[in-house]
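Fold the following and give me the result.
(one chain, ligands or ions: 2)
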Amino acid sequence: LILITLLVGGIWFARPEPATNQPEANAPQFDKTQFSIGDPTSSWLVVNKKRPLQPKDYEPASLTAPSAMRLAGRPTDANMQVNSEVAIALDQLDADARAADINLKVISAYRSYDTQRMIYDSEVRGFGQAQADRESARPGHSEHQTGWAVDLGAVNNKCEIEACFADTPEGKWLADNAHKYGFIIRYGADQESITGYQYEPWHLRFVGKDLAAELRRLGNPPLEEFFDLPAAPSY
Ligand code: DAL
Ligand code: ZN
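Ligands and ions are numbered 1, 2, ... in the order given. Here you go, the predicted structure:
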């Protein structure tokens, strides 16, 4: 045993130094294949107009409302709920937001296939199909159907689900801080030709802290671009 230990130790210490000392060359590459982008239970899921949920009527196994964050509805309402990982992240985000005098609430979270269809159909009736498709996903195509997405707003209701939310203290705080809790602003400004949707500064998508940090480091490219997927401006 002593001999083996000495031998292994000798081999270990005899290992040559890496060829370069440049930190860049040795920095670990972000592994884009760590998690599935097709499985709706994966926080890296990419769903868009070209990538329907599989199955289209997918339902998350369990959903729960954040326990301390303020809600526009009741905690037992499905549309106040997200998956448990997201609920925990939202409570952490909210605790730090409150400490910074930022008062947020959940406006809309989980939506079933049928609920999404009702919302989409009512948008079509109100604004026509072309405009509806810029604002609302068709059923089977929404992040809201996965439990990974949530629309947040200010407790004072200012600019609720409007582009001007980006200019409110709450919207600015989210843009600056959401990544620390694993969220991205999924439908960024000037990304409609790729994401298929107008700017939605209120729509947070949980992707986990590692990916959220990497996307921020790269200047917030849309998920489609990051994962080398086709742009999804239309169905
Ligand atoms: N408003 C987003 C795109 C949705 O309906 O999922
Ligand atoms: Zn949304």
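
Tell me where the protein has strands.
For the chain, applying DSSP state E gives strands covering 70-71, 104-108, 149-154, 183-185, 203-206.

Need these in CSV (columns: distance to Asp31 and mean neighbour count).
In short, each C-beta sits where N, CA and C put it, glycine included. Converted to CSV, the strands of the chain look like this (distance: least, CB to CB, whole Å; neighbours: other CB atoms under 10 Å):
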stretch, distance to Asp31, mean neighbour count
strand 70-71, 36, 15
strand 104-108, 32, 22
strand 149-154, 24, 24
strand 183-185, 18, 23
strand 203-206, 19, 26
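
Mean pLDDT and distance to Ser36 added to those strands, as a markdown table?
A markdown table is the format used below for the strands of the chain (pLDDT from 0 to 100; distance: least, CB to CB, whole Å):
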| stretch | mean pLDDT | distance to Ser36 |
| --- | --- | --- |
| strand 70-71 | 98 | 30 |
| strand 104-108 | 98 | 26 |
| strand 149-154 | 99 | 17 |
| strand 183-185 | 99 | 17 |
| strand 203-206 | 99 | 15 |
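
closest to ligand 1 out of these?
Closest approach to ligand 1 among these (CB to the nearest ligand atom): strand 203-206, 6.0 Å.

Give me the number of neighbouring residues for the residue nearest to Ala100 when sequence neighbours are not counted.
In space, and not counting its chain neighbours, Ala100 is closest to Trp173: 6.4 Å by CB to CB, 6 or more residues apart in numbering. By other CB atoms under 10 Å, 19 other residues sit near Trp173.

Could you shift the numbering so residue one becomes 150, and keep it that way?
Fine by me, first position is 150 from now on; the one you just mentioned is Trp322.

Report pLDDT for Trp322.
With respect to pLDDT, Trp322 has a value of 98.

right, and it touches Ala248 too?
No - between Trp322 and Ala248 there is no contact under CB atoms under 8 Å: 11.0 Å.

got the strands of the chain as JSON lines, with distance to Phe314 columns?
Output for the strands of the chain, formatted as JSON lines (distance: least, CB to CB, whole Å):
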{"stretch": "strand 219-220", "distance to Phe314": "16"}
{"stretch": "strand 253-257", "distance to Phe314": "10"}
{"stretch": "strand 298-303", "distance to Phe314": "7"}
{"stretch": "strand 332-334", "distance to Phe314": "10"}
{"stretch": "strand 352-355", "distance to Phe314": "10"}
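
Write out the residues of this structure neighbouring ligand 1.
Contact residues (CB under 6 Å from any ligand atom) of the chain with ligand 1: Glu284, Ser285, Ala286, Ser291, Glu292, His293, Tyr346, Glu349.

what about burial for the residues you listed, which qualify?
Among the residues of the chain next to ligand 1, those classed as buried by 16 or more other CB atoms under 10 Å are Ser285, Ala286, Ser291, Glu292, His293, Tyr346, Glu349.

contacting residues for the residue in the chain that ligand 2 sits nearest to?
Per CB to the ion, His352 is where the chain lies closest to ligand 2, at 3.5 Å. Residues in contact with His352 (CB atoms under 8 Å, 6 or more residues apart in numbering) are Glu292, Ala298, Val299, Asp300, Ile334, Arg335, Tyr336.

Need phi/psi at the closest residue to the third one other than its chain neighbours.
Going back to what we said before, that points to Val299. Nearest non-adjacent residue to Val299, counting by CB to CB, 6+ apart: Ala258, 4.5 Å away. Note on Ala258: backbone dihedrals following degrees, to the nearest 10 are phi -120, psi -110.

Surely Ala258 touches Asp300?
Yes - under the criterion of CB under 8 Å, Ala258 makes contact with Asp300 at 7.3 Å.
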